[in-house]
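In: Give me a model of this one.
(4 chains)
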There are 2 protein chains.
Amino acid sequence: MAVIDRKKLILEAAAKSFSLYGYKATTMDQVAKLANVGKGTIYTFFKTKEELFEEIINSLIADIRFEVESVLDESASILENVNSVLVRVHAFRESHQLTIKLIQEERDMGTQTVVEAMQRVEQSIIQYMKAIIQKAIDKGEIKSCDPEVTAFVMLKMYFSLVIDWQRNHPPLTKEEIAKLFELYLLKGLLA
Amino acid sequence: MAVIDRKKLILEAAAKSFSLYGYKATTMDQVAKLANVGKGTIYTFFKTKEELFEEIINSLIADIRFEVESVLDESASILENVNSVLVRVHAFRESHQLTIKLIQEERDMGTQTVVEAMQRVEQSIIQYMKAIIQKAIDKGEIKSCDPEVTAFVMLKMYFSLVIDWQRNHPPLTKEEIAKLFELYLLKGLLA
DNA sequence: AAACTGACTAAAATACTAATTTGGTCATTT
DNA sequence: AAATGACCAAATTAGTATTTTAGTCAGTTT
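Out: Now for the predicted structure:
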């Protein structure tokens, strides 16, 4: 159709600007100009800047879900699946411009809106993992446990190993992390 | 002896002030006044404010070491010991005025000196745990593993469960945390 | 008339400056 | 010889002027 989809233009422009400059440094004038749209038009689709941002975050979450689902393998073991998911999520965080910028903004400036958004992203990742874990419990692959706490612990442990560990030590390889994951969480430390 | 131990007075005054106001908000004039000492005197014992602070942190680390050692039990299992240590460290963090203030300052203001100091505290806790874990490996209680990574993972998991989990959920009881610790780290998830 | 626009405004952020505070020194006192 | 506190340069803070920005709405375009 000849009619331009202005909402889409705005979302694309906003995504680009948030990726490039982060949340705070993105202005509505900038988005309007980037989208070749009057500023008022933005407000016919989104009540506030925050709402626009939230829609972008929803897309981000959807993108992550897609990535995660594309890597899940019904016939694989829980260890393999959990590992694939975590590695994929991590790769996503490191390659996706928007997440890079937002993690940076969260760390450096602590922008409230961004902190909340990233928490929402984390929560949604935990929700997928929860489902995966529930299936593994049902299949009898792992012991009965609270799937949400388990997902939470897995994610935290993973990011501890790939992010926090590097602060004082040489980084662990992908294989080392997988091994550690298996040892600590799956098999257990007891001799 | 009739001679006043000025260094001790200064350390006590500084500890009090850091506990009450944090690192940034503590001034050398304040410490001098609190210690009933001329400001110049402080500088005969400590080169800079940072050095004074570091000595206070050294005492803090020594205090924690004392707490931890008083709770260790050679004849107890690794699970019991690790749990005791972590619970003790946590109780310390929550009851000790200085740590409360510094954790707050670290979170709210990100004062560089404080961030580094708290990292040093964490590192030293990990060092004790490392020793405990090494002993358990030697005794054949747990599998062979890198004691430092293991200590690191344990500490991170513990604080995830007691601190991060509460952000979005009702807090876990001490018993629940001990159970989770046992399940995830010691016994492992595999059915 | 329905969709769109951008000049406009109040509020917030920033840049700038003046005034104060603070870490550290050192000539003087004890 | 040990201790002190007035002093100073540097940093921080408070106060203010200026600019920027989110959001509105009267007017324009289609």
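In: Quick check: end-to-end length of stretch A:21-33?
Out: End-to-end distance for stretch A:21-33: 15 Å, by CA to CA, to the nearest Å.
In: Next: stretch A:87-101.
Out: 20 Å.
In: Now do it: everything it contacts.
Out: A:15, A:18-22, A:56, A:60, A:63-64, A:67-68, A:71, A:103, A:121, A:125, A:158, A:162, A:174 (CB atoms under 8 Å, 6 or more residues apart in numbering or on different chains). Just so you know, the C-beta spots here come from the backbone N, C-alpha and C atoms, and that holds for glycine as well.
In: hmm, which of those are the buried ones?
Out: Buried subset of those (neighbour count, 16 or more other CB atoms under 10 Å in any protein chain shown): A:15, A:18-19, A:22, A:56, A:60, A:64, A:68, A:71, A:103, A:121, A:125, A:158, A:162.
In: Pull the most distant pair out of the residues you listed.
Out: Largest separation among the buried ones among the contacts of stretch A:87-101 by CB to CB: A:G22 and A:V71, giving 28.3 Å.
In: Can you pull the poorly scored residue ranges out of chain A?
Out: For chain A, the stretches with pLDDT under 70 are A:1-3.
In: Turn the buried ones among the contacts of stretch A:87-101 into a markdown table, columns for distance to chain B and secondary structure.
Out: Output for these, formatted as a markdown table (distance: CB to the nearest CB, whole Å; DSSP: H, G, I helix; E, B strand; the rest coil):
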| residue | distance to chain B | secondary structure |
| --- | --- | --- |
| A:A15 | 27 | helix |
| A:F18 | 24 | helix |
| A:S19 | 25 | helix |
| A:G22 | 18 | coil |
| A:I56 | 22 | helix |
| A:L60 | 19 | helix |
| A:I64 | 18 | helix |
| A:V68 | 20 | helix |
| A:V71 | 20 | helix |
| A:I103 | 16 | helix |
| A:V121 | 13 | helix |
| A:I125 | 13 | helix |
| A:Y158 | 11 | helix |
| A:V162 | 12 | helix |
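In: Also within reach of DNA strand D: list those from these.
Out: Residues of the buried ones among the contacts of stretch A:87-101 in contact with DNA strand D (CB under 7 Å from any atom of the strand): none.
In: I'd like those residues as CSV, with distance to B:N36 appended.
Out: CSV is the format used below for the buried ones among the contacts of stretch A:87-101 (distance: CB to CB, whole Å):
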residue, distance to B:N36
A:A15, 62
A:F18, 56
A:S19, 58
A:G22, 50
A:I56, 59
A:L60, 59
A:I64, 60
A:V68, 63
A:V71, 67
A:I103, 49
A:V121, 54
A:I125, 56
A:Y158, 53
A:V162, 51
